[in-house]
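In: give me coordinates for this.
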Amino acid sequence: MPAASAATASAVSKIEEKLRRLGLHTDMDKVLHLPARYEDETQVRRIGELGAIYGQPVQVEGVVTACEVAFRPRRQLVVTISDDSGQVTMRFLNFYGSQVKQLAEGNRVRARGEVRHGFFGAEMVHPSYKMVNEGAPLPDALTPVYPAGEGLSQTLLRKTIVSAMSRIDWRDTLPDALRTAHQLMPFEPAIRLLHNPPPEIDESALIDRSHDAWVRVKFDELLAQQLSMKRAQLARRDKGAPVLKQVGTLSRAFLAQLPFALTKAQQRVLKEIRHDMQQAFPMQRLLQGDVGSGKTVVAAIAAAQAIDSGFQAVLMAPTEILADQHFRKIAGWMAPLGVRVVWLTGSLKKKEKVEAKTLIENGEAQLVIGTHALIQEDVQLSKLGLVIVDEQHRFGVGQRLTLRNKGADNATSARKQRATVPHQLMMSATPIPRTLAMTYYADLEVSVIDELPPGRTPIVTRVIDQNRRDEVIERVHAAALEGRQIYWVCPLIEESEALQLQTATDTYTTLSAALPDLRVGLVHGRMKPAEKQLVMDGFAQGEIHLLVATTVIEVGVDVPNASLMVIEHAERFGLSQLHQLRGRVGRGSAASVCLLLYQSPLGPVAKQRLAIMREFTDGFEIARRDLELRGPGEFLGARQSGQAMLRFADLETDQWLVERARDAAQMLLSDDPATVDAHLARWLGSREEYLKV
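Out: Alright, predicted model coming up:
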């Protein structure tokens, strides 16, 4: 190959590599790489008018009257351009030598950027620009601006997309009847319009993505996601599962010995779970409910059904404190009924671990409760029927799959039997807004406990400046003298666990000195499990008045006598975590209070979060607000590892489309498999992962 050809091929391959990093592998990927925004380059403003529009992006045109490299206050390229009404300065803090030549005096330039007031009048910092001849025509349509990666200019992306558009198959993947029913634009006109909007277009509809072309794109994207997730659900039905029909002696005895009656919501979700466990394909159900709604007892009843049917049940929790809480509570219910409950965590001594693993493997352990230690290779379950995962969003897809596969019986095709996997029940105290559940959890059945047990007192939340810390300490003292117990949670310091530990230790020392007549305890993640448990037991038994803690107490701690929660530097926590922490109080009959201490000044997002916490106690409303603040990608966490996030649809504004896409997916899956294949190939391609866990 000649040297010139080799160099060209090398340049092309480098560009392709950069495109692949953006997820653009195929021509269709490139065509569906739609503009993030649009710039209006259809008009030029006179430079003399700029003083009235500071802070806004505008386009100007003029002749370069000065171009120099300045060195104070730092090295920068300073260019002045003029028209017959005035002059404006362009500043480039990062520039190339070629730009100095390009922007030489006398050359004509068209520049677009945000105008601001500079030392010498109007200026633009790092505007986009191009060299033009006098009288050069202006574009007659909005200019698309694409999401770009390093080394990919807008010009290159536009050329790449136009080239790809000449090669793809434009045939519509939606049947005409479906398009007509939902009043959707055809695919090709919608995509071409978004890449090259005509001059007469409604610009506001294009920018806020309410235009019919955007509606078509968002519907297609949502439909692809619904089809993928629903097909994953159907694929799971091809697997076998233990039929756990027996609601027998243990289940009835368990319910009879509970000191409280189940709420109507608990009874409803229990009926849904029992129905699923009696099927010959694996249950894949998410049980969600607010803090304190009684998910644990429902999970325990489900475990009793598995044990009644002759199978083992496993409950995995993300932290040792939460796992221990479950063990103590559920073993307290189950052990008197003759159930062998086994505990397995990483902190057990070697001999204890061996004993536990033996009981698990030989089937004597009917219910196993633990942490990540349950997914180690040497843990084998003899007859696993039900997997329960608490706080499921804290585990990755792979971890949950590993635990589920502990009970998999991969039958050979020669025996013409389906592979058998256990039923799976996932629990979350972080309520998921309905629209989010309909999209990202479309492959799961969702049960919701939407009422709290009777007798729970509402928690009053107050937001207090750190300057009033002494008043808060007095409040803590008064509560303790009244016989109540208090949590004091130290700030979340993401940069350093050691720093967080130091803060907790310092706070413990300060509060112990300020409240010498109170018994103060300290618990944090670096303590040995046995030490941590000793402190937690002391608090649970009322021997410790005030518990200073890091966020290890976020979930699973249940002390009904605790009625005051103080959270320091509350502005550093997310809404979900603040709600979880607040849920540690209000679990008894006493009026409960949560004090959110913050450090001034507050940023706008932190201010919104604290206002939401003060105003709302309902976890579903808080979750909805959280979704508005953070967006679905961050909200979902580890559950969606490897799954493409929505690029175009907005779950807040496009809920009506989510419901239509869901209904269309159901219809196409049952009536039109060829359309399903074509639509998924276009929108997901190789990215589709059918089986989620």
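
In: burial of the residue nearest to residue 449 when sequence neighbours are not counted, as a residue count?
Out: Excluding its sequence neighbours, the residue lying closest to residue 449 (C-beta to C-beta, 6 or more residues apart in numbering) is residue 289, at 3.2 Å. (Each C-beta comes from the backbone N, C-alpha and C, glycine too.) Residues lying near residue 289 (other C-beta atoms under 10 Å) number 26.

In: same question for the one 4 residues further on.
Out: For residue 293, the tally of surrounding residues (other C-beta under 10 Å) stands at 25.

In: ok, it touching residue 452?
Out: Yes - between residue 293 and residue 452 there is a contact under C-beta atoms under 8 Å: 5.6 Å.

In: against residue 318, how distant is residue 136?
Out: Look at residue 136 and residue 318: by C-beta to C-beta, to the nearest Å, they are 62 Å apart.

In: more neighbours, the two?
Out: Using other C-beta under 10 Å, the more surrounded residue of residue 136 and residue 318 is residue 318, with 20 against 11.

In: can you tell me the SS state at that one?
Out: Judged by DSSP: H, G, I helix; E, B strand; the rest coil, the three-state class of residue 318 is coil.

In: so where is the stretch 101-250 of the chain shaky, pLDDT-wise?
Out: Counting by pLDDT under 70, the stretch 101-250 of the chain contains no low-confidence range.

In: residue contacts, the residue nearest to residue 449?
Out: Residue 289 is in contact with 265, 269, 295, 429, 431, 448, 449, 450, counting by C-beta atoms under 8 Å, 6 or more residues apart in numbering.

In: just the pLDDT for the second one.
Out: Read it as residue 269. Per-residue confidence for residue 269 comes out at a pLDDT of 96.

In: not counting sequence-adjacent ones, nearest residue to it?
Out: Taking C-beta to C-beta, 6+ apart, and ignoring the residues beside it in sequence, residue 269 has residue 447 as its nearest neighbour in space, at 3.9 Å.

In: one more: the fourth one?
Out: Closest residue to residue 429 in three dimensions, ignoring its sequence neighbours and counting by C-beta to C-beta, 6+ apart: residue 291, at 5.2 Å.

In: how many residues are close by the one you found?
Out: Should you count by other C-beta under 10 Å, residue 291 turns out to have 21 residues around it.

In: next one: residue 479
Out: A count of neighbours around residue 479, defined by other C-beta under 10 Å, yields 19.

In: tell me the pLDDT at it?
Out: We have a pLDDT of 94 for residue 479.

In: if I look at it, how far off is residue 152?
Out: According to C-beta to C-beta, residue 479 and residue 152 sit 59 Å apart.

In: one more: residue 331?
Out: Plainly put, residue 331 is 58 Å away from residue 152 if you go by C-beta to C-beta.

In: all strands of the stretch 251-400 of the chain, in order?
Out: With DSSP state E, counting those that start in this stretch, the ranges of strands along the stretch 251-400 of the chain come out as 284-289, 312-316, 341-344, 367-370, 384-389.

In: so can I have TSV of the ones you listed showing mean pLDDT and distance to residue 14?
Out: Conversion of the strands of the stretch 251-400 of the chain to TSV gives the following (pLDDT from 0 to 100; distance: least, C-beta to C-beta, whole Å):
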stretch	mean pLDDT	distance to residue 14
strand 284-289	89	44
strand 312-316	91	46
strand 341-344	89	51
strand 367-370	91	50
strand 384-389	90	44
